[in-house]
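**Student:** I'll drop the sequence and a predicted model, then ask my questions.
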Amino acid sequence: MPKAVKTMNIFSFSAHFGDEEACRYHFKEQRDKEGVSCKKCGNEDHYWKQDKWSYECKCCKFRTSLRSGTIMQSSKLSFLIWYKTIFLMSTTKKGFSAKEIQRQLGLKRYEPVWSMVHKLRKAMGDRDSRYTLEGMIEFDEGYFTVESSEVEKQKAKRGRGAAGKQNVAVLAESTPLEDLETKTKSNQVRYFKAKVLKSHESEHVNDLISESLEEKSIVFSDKSTSYIDIADLVELHITEKSDKETTTDTLKWVHIFISNAKRNFLGNYHKIKGKYLQLYLNEFVYKLNRRYFGEKLFDRLIVASIMKT
C-alpha cells in the first residue's frame, strides 16, 4: 500500500499563496504548462501580453484572457478566493458545504460561492471521466437520500419511483492479494466510479459499463435482471445471489463506498437535491481515488480547473 503523503496545511498555503498576485502568477504558470488553444483559429502558439494579462495568438492576433476557457471564466471572484476554496476542498476528507465555505471566506453573498463550488465538483467529475477501470471490477447499486420537490412526490404516489431516493451505480477496481505467510486472500481496492442512474433499465447500465470499463475486465455483481447484457460488454461477468456473504466478500468495496458516501453526505450537507447529487459524488470519488496524493491533490485540482471540458 502506498505511503501517506504529507497534506498541505494552512501555514504552507499562506506562505505560497498569501495574496492575489501570488495566486494569479501561479495560475498562469500552470496554464502555460497545459497550453492555450486559440478559440478563433485553433493555433496553440501565443505571445503573453503582460499589460493585458492575456494571451495573443501568433497567427490571428486573437486574445485569450487568463481565465477564458477555464472554470474561472466569467467569475467575478478573485484568484485568491478560488485558491482558498480549492485549498479547503482538497485538504479535508469530509468536505465542506458551500455555506460553510462562504463562512470560512467571510463572503456576504452565497450564490457566487455555490456556483464556484459546483464548478469545481464538475471539474472533478470531468477529470475522472477521462479514465476507465480495468481488471477485477465489483459492481452494485445503492439508494441515496435526496430532497424531493412536490412534483417528484406526486409522481412517487402514482407509482413512478420512490420519492426522496436516487439510485447510484458504483464500480470498484479491486485486485486479489494473498498473504504469503498466512495464505489468506483479500482484495485490495484501487479506483472507484459512481454515477446516478436515470432508471433500472438495462440500457442505462450498459451505457455505464461501456464508458467506464475496459473490455477485458471481469465484472462481479448480483443477479439483477438489469445486468443481463453485461457479459456482452466485458471479458467475463460473474453473478452471485445477493446475500450477506456477497455484501461482505464479493462486493465488499462497493458496499463500503456506499456506506461511507452516505455517512459523509449526511454529516456535511443539509439537503442534497437529486439533480445535484452527481456533483457531490464527483467530489467524493475524486478525492477517494487520489487518497494518497497529499499536497499534490491541491495542484491536481488547479490543473483540473484549467482543463475545462
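**Tutor:** Received, thanks.
**Student:** which ones are touching His26?
**Tutor:** With contacts defined as Cβ atoms under 8 Å, 6 or more residues apart in numbering, His26 is in contact with 16-17, 83, 302. To be clear about C-beta, it is placed using only N, CA and C from the backbone, and glycine gets the same treatment.
**Student:** just the helices in the stretch 51-200 of the chain please.
**Tutor:** Using DSSP state H, counting those that start in this stretch, the helices of the stretch 51-200 of the chain run over 79-90, 98-105, 111-128, 150-157.
**Student:** and the stretch 201-309 of the chain, by the same measure?
**Tutor:** Under DSSP H, counting those that start in this stretch, the stretch 201-309 of the chain gives helices at 202-212, 244-245, 252-268, 277-289, 296-306.
**Student:** now render these as JSON lines, adding distance to Ala123 and mean neighbour count.
**Tutor:** Shown next, in JSON lines, are these (distance: least, Cβ to Cβ, whole Å; neighbours: other Cβ atoms under 10 Å):
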{"stretch": "helix 202-212", "distance to Ala123": "18", "mean neighbour count": "17"}
{"stretch": "helix 244-245", "distance to Ala123": "39", "mean neighbour count": "9"}
{"stretch": "helix 252-268", "distance to Ala123": "19", "mean neighbour count": "17"}
{"stretch": "helix 277-289", "distance to Ala123": "8", "mean neighbour count": "21"}
{"stretch": "helix 296-306", "distance to Ala123": "5", "mean neighbour count": "19"}
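**Student:** what sits against Asp222?
**Tutor:** Asp222 makes contact with 140, 239-242, 246, 251, according to Cβ under 8 Å, 6+ apart.
**Student:** now do 6 Å
**Tutor:** When the contact criterion is Cβ atoms under 6 Å, 6 or more residues apart in numbering, the partners of Asp222 are Ser242.
**Student:** quick revisit: quick one: closest of the helices of the stretch 201-309 of the chain to Arg31.
**Tutor:** Comparing those against Arg31 with Cβ to Cβ, the closest turns out to be helix 296-306 (5.3 Å).
**Student:** next, the angle from that closest one to helix 79-90.
**Tutor:** Relative orientation of helix 296-306 and helix 79-90, computed by axes from the mean of the first three to the mean of the last three Cα atoms, to 10 degrees: 130 degrees.
**Student:** from now on call the first residue 57
**Tutor:** Will do, 57 is the new start, and the previous item becomes helix 352-362.
**Student:** packing partners for helix 352-362?
**Tutor:** helix 76-90, helix 135-146, helix 167-184 (3 or more Cβ pairs under 6 Å, 6 or more residues apart in numbering; DSSP states H and E).
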